[in-house]
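[1] Got a predicted model here, sequence first, then my questions.
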Number of protein chains: 2
Amino acid sequence: MSIQLTTAEVLGLWHNVHLALVHDDEPDLSARQISILLTVYLEAPPHTVRDLAARLAVSKPVITRALDTMGKMGLVSRRRDEKDRRNVLIQRTVDGALFVERLADTISVRARELRTDP
Amino acid sequence: MSIQLTTAEVLGLWHNVHLALVHDDEPDLSARQISILLTVYLEAPPHTVRDLAARLAVSKPVITRALDTMGKMGLVSRRRDEKDRRNVLIQRTVDGALFVERLADTISVRARELRTDP
DNA sequence: GCCAATCGTTACGGTACCGTATCAGATAAT
DNA sequence: ATTATCTGATACGGTACCGTAACGATTGGC
């Protein structure tokens, strides 16, 4: 079974959620940062810079910079791979998990409001 | 009736759509830019800089800059209000409408794929 | 007419991101 | 052991955005 939504519904959802994200005091992550964050939190580890760059089809410096920023925010952390010390393993954090949870809440709330509060 | 989605579903949707947006060659709009664009295209005109700033709870220069960028991209246009020449009316464009349409398509496709292609 | 209020824009210094090229470190190949 | 390959990080010049403050233009109040 799949999720069927009309054009008006998906755009309304996108609109409402983005308004909510801009409205609150959380930092606005870019589309690339969101993609990286959710890849790390939703897909199975291990996650390396190289893998993430391939997954998003962007260059490695893009990943490094995004990890720098999100690392400062406490949303992810990095650790050297002891088996192959060239690799860096990207790991989840408690704060990152809470951030993703809040994002899910925001989306869910706006999805519920779609038809009841047009 | 409202739209009920599980946490896994909303996060999967957000993840997949953002991956698709990063993947294609379209420019990545910020959350603020998306909010402005969809407000202009989904809500009833007229739209002024002041109104958009209030709607997003941001300062007016934020709106001016976003309109500069999206104007260069051809997604919106500006026109002086002849009734009150202090106002600027933000208007839709053909390219902007197509952009919004493609965005809706992308979201719809990923929503349909949610359970069939996990 | 004149002054205050409102509109959108611009100026300023600072930060973050971009793409490309290059880098040092670790591993693999010979 | 030496070279080649792979990793992630860094350097570089350029662009865009940030928040705050000031600005010219236009309108309304008196």
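    Cool, the structure landed.
[2] helices or strands next to the helix or strand bottoming out on mean pLDDT in chain A in the packing?
    Every helix and strand in chain A was compared by mean pLDDT, DSSP states H and E; the lowest is helix A:94-116, with a mean of 91. Counting contacts by 3 or more CB pairs under 8 Å, 6 or more residues apart in numbering or on different chains; DSSP states H and E, helix A:94-116 is packed against helix A:7-23, helix A:31-42, helix B:7-23. Any C-beta I mention is one placed from the backbone N, CA and C, and that applies to glycine too.
[3] Which residues does it contact?
    The contact list for helix A:94-116, computed with CB atoms under 8 Å, 6 or more residues apart in numbering or on different chains, reads A:9, A:12-13, A:16-17, A:20-21, A:24, A:26, A:37-38, A:40-41, A:70, A:73-76, B:1-5, B:7, B:10-11, B:13-14.
[4] quick revisit: looking at the helices and strands packed on helix A:94-116, which one is packed in the most?
    Burial of the helices and strands packed on helix A:94-116 is given as mean neighbour count (mean count of other CB atoms under 10 Å in any protein chain shown); helix A:31-42 ranks first at a mean of 22.
[5] Can that one be said to contact DNA strand D?
    No. Using CB under 7 Å from any atom of the strand, helix A:31-42 never reaches DNA strand D; the gap is at least 11.7 Å.
[6] mind checking how far whichever helix or strand comes after that helix is from the chain centre?
    The helix or strand immediately downstream of helix A:31-42 is helix A:49-56, counting by DSSP states H and E. Put simply, helix A:49-56 sits 14 Å off its chain's centre (CA atoms, centre = their mean, to the nearest Å).
[7] Alright, I will stop here.
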